[in-house]
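S.K.: Here's a sequence, model it:
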Amino acid sequence: MQRHVTLRLFRRGPAAEVILTFLVLFSIVLLFTDATWSKTNPVRQAIATTLYPFQRAVLFPRDMLTMFNEWINAAALIKSENEALQRQRIALAQVSANAALLSAENTQLRRLLGVLETAVDRPTVVVEVLYEPVNAFTRRIVFNKGSRAGIAQGMPVIDESGVVGQITRVTPMTSEAAMLTDEIVSIPVQVLRNGLRLIAFGSSSPGKVEVRYFSSDADIREGDQLVTSGVGGVFPAGLAVGQIDHVERNPASGFARAEAKPASHPERYRHFLVLQVPVGDGLTSLPTAAATSSTELAGATDKTK
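M.R.: Numbering: from 1, shown residues only. Predicted coordinates:
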């Protein structure tokens, strides 16, 4: 009797799900082993060394394309570098041409400092800004000289534009000044146009000075120049303080107030003059200040070169 034989074309084995599960578990085991067992480092290094030639072979087309692009763009790169060098030569030529102008400006600054010292007719101390304390409610500057240089609390600080502020704190080596716009500063002023005497205070508005406590019918208007009146003897008369840019009158109360823009710009400079005036109950000590003021002025302007 003839037997019927069934041909088996495919070999039967484990199901695909079983193989997938096994491979996933095996991968997790390898990841865990690689992360926690340092002895697998030699195996990793050996595999990396073996695969390196294949990596280089795969990256070879990219490297060749990069080299080709660099060769094609070589002329453009050289041209751009030449243009940059040409611009640099032009800039250096401009710096050389401006050297004479800078020298003239430095000479003018020296004359200006000398004129200021003569105009106020007071011994002065040249100070340099160390830093500005960070405070949203006050405007202060710390200088590099203190009581050893003859600086005392209450002395005014000026620049070539006018009043900058007033010394409020002094140590042997440093001093702190409140700016003109600080609310604790008050200066006797007068209107240059008609001589009206007023008091200027630091304002709560940033960068402004207030004039308060004057009659609403006072002769003051926008554009008037304010200068120090000399009343009180601390601030010499005639120093520029600011310019009125807003006047607010209140007929109901009978008083008015005005805001002025300061004439000085302390944020633009590093060097200032402290006027050694009599403050407090007696005269301020002036140890060698009058003799050395011209030397300090020359040293300050030398730094501007």
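S.K.: Can you name the next helix or strand after the stretch of helix or strand residue 18 belongs to?
M.R.: Take DSSP states H and E as the rule and residue 18 turns out to sit in helix 16-36. Sequence order places helix 41-72 as the next helix or strand after helix 16-36, per DSSP H and E.
S.K.: Flag every buried residue along that following helix.
M.R.: Applying a neighbour-count criterion of 16 or more other Cβ atoms under 10 Å, one finds nothing buried in helix 41-72. In this view, the C-beta of every residue, glycine as well, is placed from N, C-alpha and C.
S.K.: tell me the mean pLDDT over it?
M.R.: Averaged across helix 41-72, the pLDDT comes to 80.
S.K.: What angle do helix 16-36 and it make with each other?
M.R.: For helix 41-72 against helix 16-36, the angle by axes from the mean of the first three to the mean of the last three Cα atoms, to 10 degrees is 90 degrees.
S.K.: Residue 53 and residue 59: what is the separation?
M.R.: 11 Å (Cβ to Cβ, to the nearest Å).
S.K.: Please disregard the earlier target; I meant residue 163.
M.R.: 71 Å.
S.K.: And for residue 259?
M.R.: Where residue 59 is concerned, residue 259 sits at a distance of 70 Å (Cβ to Cβ).
S.K.: Pull the residues that contact the helix or strand hosting residue 256.
M.R.: Assessed by DSSP H and E, residue 256 sits inside strand 255-262. By Cβ atoms under 8 Å, 6 or more residues apart in numbering, the list of residues contacting strand 255-262 from outside reads 162-163, 180-181, 200, 203, 205, 207-216, 218, 220, 226, 241-250.
S.K.: Mind checking what helix or strand follows it in sequence?
M.R.: Following strand 255-262 in sequence, per DSSP H and E, is strand 271-275.
S.K.: could you give the angle of the longest strand seen in the chain to strand 255-262?
M.R.: Of all the elements of type strand in the chain, the one with the most residues (DSSP state E) is strand 240-250. Angle between the axes of strand 240-250 and strand 255-262 is 150 degrees (criterion: the same axes, to 10 degrees).
S.K.: List the buried residues of strand 240-250.
M.R.: Buried residues in strand 240-250 (16+ other Cβ under 10 Å): 240, 241, 242, 243, 244, 247, 249.
S.K.: ok, residues contacting it?
M.R.: Outside strand 240-250, the residues touching it (Cβ under 8 Å, 6+ apart) are 161-163, 180, 187, 189, 200, 209, 211, 216, 220-228, 256-264.
S.K.: who does that strand pair up with?
M.R.: Here strand 240-250 has these sheet partners by DSSP bridges: strand 225-228 (antiparallel), strand 255-262 (antiparallel).
S.K.: Any chance you could give me the longest one in PDB, C-alpha atoms only?
M.R.: If I follow you right, that is strand 255-262. C-alpha atoms of strand 255-262 as PDB (Å, rounded to 0.1, in the frame of the first residue of the first chain):
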ATOM      1  CA  PHE A 255       1.700 127.200  45.800                       C
ATOM      2  CA  ALA A 256       3.400 125.800  42.700                       C
ATOM      3  CA  ARG A 257       6.100 123.300  41.900                       C
ATOM      4  CA  ALA A 258       8.400 122.900  38.900                       C
ATOM      5  CA  GLU A 259      10.600 120.200  37.500                       C
ATOM      6  CA  ALA A 260      14.000 120.800  36.000                       C
ATOM      7  CA  LYS A 261      16.500 118.800  33.900                       C
ATOM      8  CA  PRO A 262      19.900 118.700  35.600                       C
END
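S.K.: and residue 196, how many neighbours?
M.R.: Neighbour count for residue 196, taken as other Cβ atoms under 10 Å: 17.
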